[in-house]
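In: Based on what follows, work out the 3D shape:
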Amino acid sequence: MSKFFTRNQDDYFAQSCQQRFKWQTENPFISKSERELLNYLPIVSGSQVLELGCGTGSNLFNLKAIGKTFSFTGIDINYEEIELAQQKFLDANFMVGDATNVQLPDESFDLVFCRDVIHHINPSEQVKLIQEMTRLTRVGGQVVVIESNGLNFVVWVFGKLVKAEKYLVKSTPKYIIRLIKQIDNLETFGLAPKFVEPWNFFRFILHYNFGLPKLAESQIVCSLLTQMVSLFSKITPSHRWAYMVFTMVRKD
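Out: Modelled structure (predicted):
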């Protein structure tokens, strides 16, 4: 376990990408939670969608599983993950590339999103990521940022323990709003995130690397975890829930 906490970012993702894909798409409890989170993406049938930092395509898999129909392009800097994604999804377009400098034309997509990407890049590059997302979105289209919430205790601890996740502790609602508001051609009036997943300790309990993911095969365990999520939704302030979803419209 100590190696897990000290691994650098490249090794951290390269060593676990297949495990993580299977965990996010096949584990009964985790895949259900993933789909509930991704259902906040305002994808319209037939739209052109781009995901920056797509990894092996687990978000695409889960979006398809909840019935979304769209044209998909995914970009990730990790060649191995893109290669795996291309093998899994023959009807999608995948590219190796830097999310802060995408080699695609302006206004190419109806919706551009990233999920847990901002905290994986250097703070000096984070605004560039959102600028690229905006540049690639058509006027009137939507830019969506899904980020883990550093005000959540489990997320904060994870950021402190795992070297590759160290910027999680800065990933707070105010911080992300401050980044987004630096982009001139995004509508940010009244900008506020939707908060999702009030209790996320189940991700630790069922974790593919250091948890017991097979517990999710038990209906009793899944029922207990569901009850815990429900309980914490009543007692945890929403601004401390695990995920933040920011949805913005691209303007002229």
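
In: how near is the residue of the chain positioned farthest from its centre to residue 26?
Out: Distance from the C-alpha centroid of the chain peaks at residue 220, with 28.3 Å (C-alpha atoms, centre = their mean). For residue 220, the distance to residue 26 equals 20 Å [C-beta to C-beta, to the nearest Å]. From N, CA and C alone the C-beta is placed, and that goes for glycine too.

In: likewise residue 105?
Out: 36 Å.

In: So which bits of stretch 235-245 are buried?
Out: 236, 240, 241, 242, 243, 244, 245 (16 or more other C-beta atoms under 10 Å).

In: swap that for stretch 129-146, please
Out: Buried, per 16+ other C-beta under 10 Å, within stretch 129-146: 129-138, 141-146.

In: What is the subsequent helix or strand relative to the lengthiest helix in the chain?
Out: Assignment by DSSP state H gives helix 219-235 as the longest helix of the chain. Remark: after helix 219-235, the chain's next helix or strand is strand 243-250, criterion DSSP states H and E.

In: Pull the residues that contact that next one.
Out: Strand 243-250 is contacted by residues 37, 40, 42, 134, 137-149, 173, 176-177, 180, 185-188, 191, 193-197, 200 when judged by C-beta atoms under 8 Å, 6 or more residues apart in numbering.

In: average pLDDT for stretch 212-224?
Out: Mean pLDDT, stretch 212-224: 98.

In: what pLDDT does the closest residue in space to residue 52 that isn't next to it in sequence get?
Out: Counting by C-beta to C-beta, 6 or more residues apart in numbering, residue 52 lies nearest to residue 99, which is 4.0 Å off, once chain neighbours are set aside. As predicted, residue 99 sits at a pLDDT of 97.

In: Residue 99 looks like it's in a strand, true?
Out: No: membership of residue 99 in a strand is not supported by DSSP: H, G, I helix; E, B strand; the rest coil, which gives coil.

In: Confirm for me that it is in contact with residue 77.
Out: Yes: contact criterion C-beta atoms under 8 Å: residue 99 and residue 77 qualify, at 7.0 Å.

In: Can you work out which residues contact both of these two?
Out: Jointly contacting residue 99 and residue 77 under the rule C-beta under 8 Å, 6+ apart are residue 53.

In: which of these two has more neighbours?
Out: Shown here are residue 99 and residue 77; by other C-beta atoms under 10 Å, residue 99 has more neighbours (22 against 17).

In: And the more buried one, how close does it get to residue 224?
Out: According to C-beta to C-beta, residue 99 and residue 224 sit 38 Å apart.

In: just residue 241 next, same as before
Out: 20 Å.

In: one step back: same for the longest helix of the chain, what does it pack against?
Out: helix 28-38, helix 202-205 (3 or more C-beta pairs under 8 Å, 6 or more residues apart in numbering; DSSP states H and E).

In: Mean neighbour count, these: which tops it?
Out: Among those, ranked by average contacts under mean count of other C-beta atoms under 10 Å, first place goes to helix 28-38 (a mean of 20).

In: ok and that helix relative to strand 243-250, angle-wise?
Out: 30 degrees (axes from the mean of the first three to the mean of the last three C-alpha atoms, to 10 degrees).

In: Residue 221 against residue 214, yeah?
Out: No: counting by C-beta under 8 Å, residue 221 sits too far from residue 214 to count as a contact (9.5 Å).

In: Which one of these two is surrounded by more residues?
Out: residue 221 (18 against 10).

In: Let me see the contact set for the more buried one.
Out: 29, 215.

In: Residue 179 now?
Out: 118, 126, 127, 130.

In: Most neighbours of all those residues, which one?
Out: That'd be residue 118 among the contacts of residue 179, by other C-beta under 10 Å, with 27 neighbours.

In: Straight-line length of stretch 206-226, end to end?
Out: 13 Å (C-alpha to C-alpha, to the nearest Å).

In: quick one, helices of the stretch 101-250 of the chain?
Out: With DSSP state H, counting those that start in this stretch applied, the stretch 101-250 of the chain shows helices at 126-135, 153-161, 173-180, 202-205, 219-235, listed in chain order.
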